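Participant: How does the following fold in three dimensions:
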Amino acid sequence: MFRRALSQVDFKPTEGMLVQARGNLGVYEARGELQLIVEQLARAGEGALFERFLRLKAQLASEGLFDPDRKRPIAAHPRRIGLVTSAQGAALHDVVTALSRRAPHVEVVLAPASVQGAEAPPQLVQALAVLQQLHRSGVALDAILLCRGGGSLEDLWAFNDERVVRAVVACAVPVVCGVGHETDVTLADLAADLRAPTPTAAAEMVAEARAELAEALAHQQRRLTRSAQHLLWREAQRVDRLGMQLSRPSQALGRQQHDLRMWAHRMQQAAQQRLRQPGATLGTLADRLRRGLGQRLQREADTLRWHQQHLQTLSPQRVLQRGYAWLQDDQGQAVTRAEQAHAGQALTAVLQDGQLPLTVSGPAKPAQGAGQ
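Facilitator: Just a heads-up that it's a prediction; the model follows:
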């Protein structure tokens, strides 16, 4: 295999490695040897699995299953966690030991499942479903640990199964995945809310050490003690100042009396000023009122005289003074047309200086020049 072709290989070939080679057969004429001129080289066995791993990783990544934005935070102080691992594996011992050492108050609920072989993926999916059902039924879980010890790529392949990856993503409880050793990375690690390099590290990451919590509480207690002491000292100083003021009540009383006299004087001046100001304003308003009333009375008197003259002009007395009279019947109704009267009817003629009783002697005659 020449250097040009070897530069295209993404791994370092070593003695004893199982590979698949593709190239051309040739004969080296100088020694009569049959040669294989390799153009492409790929790993066989784990190499094929690794290619499947890369293809599935690219597919699931394109769906957003590994996006950091969809990952949820892990509770800082869990009280109960679920554990999915083999009941006979070393991972169970490592997790339980780490939790009992760091946080013995944390309750562990085990959902056993096979972690290797063809039966492992459906059992892992089923174990996650069992823990979720417990969580929904009231046995609240703060996190689920998905763990397994180290091994080859083929040994860890169950955690690269698409069914397991999708179950981790859909889990209702945040998942912490600790599979294999620190250098091992599975698709379940990428899909989990938090990836731990080992099962022991997963237990340590999900539960803060009791000693660290005790130290944090002690630190808070020291801060609270200092704050309380400072507050008590400050209040004691204030009580001392108040006590000094109470020891000389005559001075405080004198200050209060001085302040009262000052405020009484200010109020008296303000009241006098307020009274003088309305007095001047009242005189001005009275003058304006008198002038306004005189002008209004004069206008009303002029209007009254005009109406009086107008009434006199229209008065019937003026007509009677010119020699006219009007007639009215015994009901006092005016008789303005001849047809309103009849023979023998009693009428009254109203003149300028009195009234004359009249009796109609005959039927009405048409006025001269009137049409028939």
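Participant: hey, let's count contacts and neighbours off CA atoms from now on
Facilitator: Will do.
Participant: so for stretch 332-350, what's the average pLDDT?
Facilitator: Averaged over stretch 332-350, pLDDT sits at 81.
Participant: which of the residues in that stretch are buried?
Facilitator: 335, 341, 347-348, 350 (16 or more other Cα atoms under 10 Å).
Participant: Tell me the gap between that stretch and the middle of its chain.
Facilitator: 96 Å (Cα atoms, centre = their mean, to the nearest Å).
Participant: What lies in contact with that stretch?
Facilitator: 325-330, 355-366 (Cα atoms under 8 Å, 6 or more residues apart in numbering).
Participant: same question, stretch 354-367
Facilitator: 338-339, 341-350, 372.
Participant: Any idea how many residues pack against the nearest residue to Leu41 once chain neighbours are set aside?
Facilitator: Excluding the flanking residues, the one nearest Leu41 by Cα to Cα, 6 or more residues apart in numbering is Ala21, at 4.7 Å. Applying other Cα atoms under 10 Å, we find 16 residues neighbouring Ala21.
Participant: For Ala21, give me phi and psi.
Facilitator: Geometry field for Ala21 lists phi and psi as phi -110, psi 140, criterion degrees, to the nearest 10.
Participant: what's near enough to touch it?
Facilitator: Per Cα under 8 Å, 6+ apart, neighbours of Ala21: 38-42.
Participant: do that again at 7 Å, thanks
Facilitator: Going by Cα atoms under 7 Å, 6 or more residues apart in numbering, Ala21 touches 38, 40-42.
Participant: any idea how far Glu33 is from it?
Facilitator: Computed as Cα to Cα, to the nearest Å, the Ala21 to Glu33 distance reads 19 Å.
Participant: Confirm that Gly26 sits in a helix.
Facilitator: No: Gly26: not assigned to a helix; according to DSSP: H, G, I helix; E, B strand; the rest coil it is strand.
Participant: partner residues bridging it?
Facilitator: Gln35 (DSSP bridges).
Participant: Can you give me the distance of it to Glu33?
Facilitator: Counting by Cα to Cα, the gap from Gly26 to Glu33 is 8 Å.
Participant: any idea which of the contacts of Ala21 has the most stuff around it?
Facilitator: Most crowded among the contacts of Ala21, counting by other Cα under 10 Å, is Leu41 at 19 neighbours.
Participant: Help me confirm that that one comes into contact with Leu18.
Facilitator: No: Leu41 lies out of contact with Leu18 (Cα atoms under 7 Å); the separation is 10.4 Å.
Participant: Name the residues contacting each of those two.
Facilitator: By Cα under 7 Å, 6+ apart, no residue touches both Leu41 and Leu18.
Participant: Any stretches of the stretch 151-300 of the chain with poor pLDDT?
Facilitator: 209-214, 216, 244-252, 275-283 (pLDDT under 70).
Participant: Which parts of it are helices?
Facilitator: Using DSSP state H, counting those that start in this stretch, the helices of the stretch 151-300 of the chain run over 162-170, 187-191, 199-206, 210-247, 249-314.
Participant: ok, back up a step: may I ask which two of the contacts of stretch 354-367 are separated the most?
Facilitator: Val350 and Gln372 (29.4 Å; Cα to Cα).
Participant: hmm, back to that, out of the helices of the stretch 151-300 of the chain, deepest packed?
Facilitator: helix 187-191 (a mean of 25; mean count of other Cα atoms under 10 Å).
Participant: Any chance of a markdown table for the contacts of Ala21, columns distance to Val175?
Facilitator: Formatted as a markdown table, the contacts of Ala21 follow (distance: Cα to Cα, whole Å):
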| residue | distance to Val175 |
| --- | --- |
| Val38 | 46 |
| Gln40 | 41 |
| Leu41 | 38 |
| Ala42 | 35 |
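Participant: Mind checking which of those are in strands?
Facilitator: When DSSP state E is applied, these are split such that 38, 40-42 fall in strands.
Participant: Which of these sits closest to Ala158?
Facilitator: The nearest member of the ones in strands among the contacts of Ala21 to Ala158, counting by Cα to Cα, is Ala42 at 23.1 Å.
Participant: returning to that earlier point: and the helices of the stretch 151-300 of the chain: which comes nearest Met1?
Facilitator: Closest among the helices of the stretch 151-300 of the chain, once you apply Cα to Cα, is helix 187-191, at 33.8 Å.
Participant: Next, count neighbours for Ile74.
Facilitator: Neighbours of Ile74 (other Cα under 10 Å): 19.
Participant: per-residue pLDDT, it?
Facilitator: 90.
Participant: Same question for Leu54.
Facilitator: For Leu54, the predicted pLDDT is 90.
Participant: And Ser86, by the same measure?
Facilitator: At Ser86, pLDDT is 93.
Participant: any chance of the contacts of Ala21 in CSV, plus pLDDT?
Facilitator: Below are the contacts of Ala21 laid out as CSV (pLDDT from 0 to 100):
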residue, pLDDT
Val38, 93
Gln40, 88
Leu41, 85
Ala42, 77
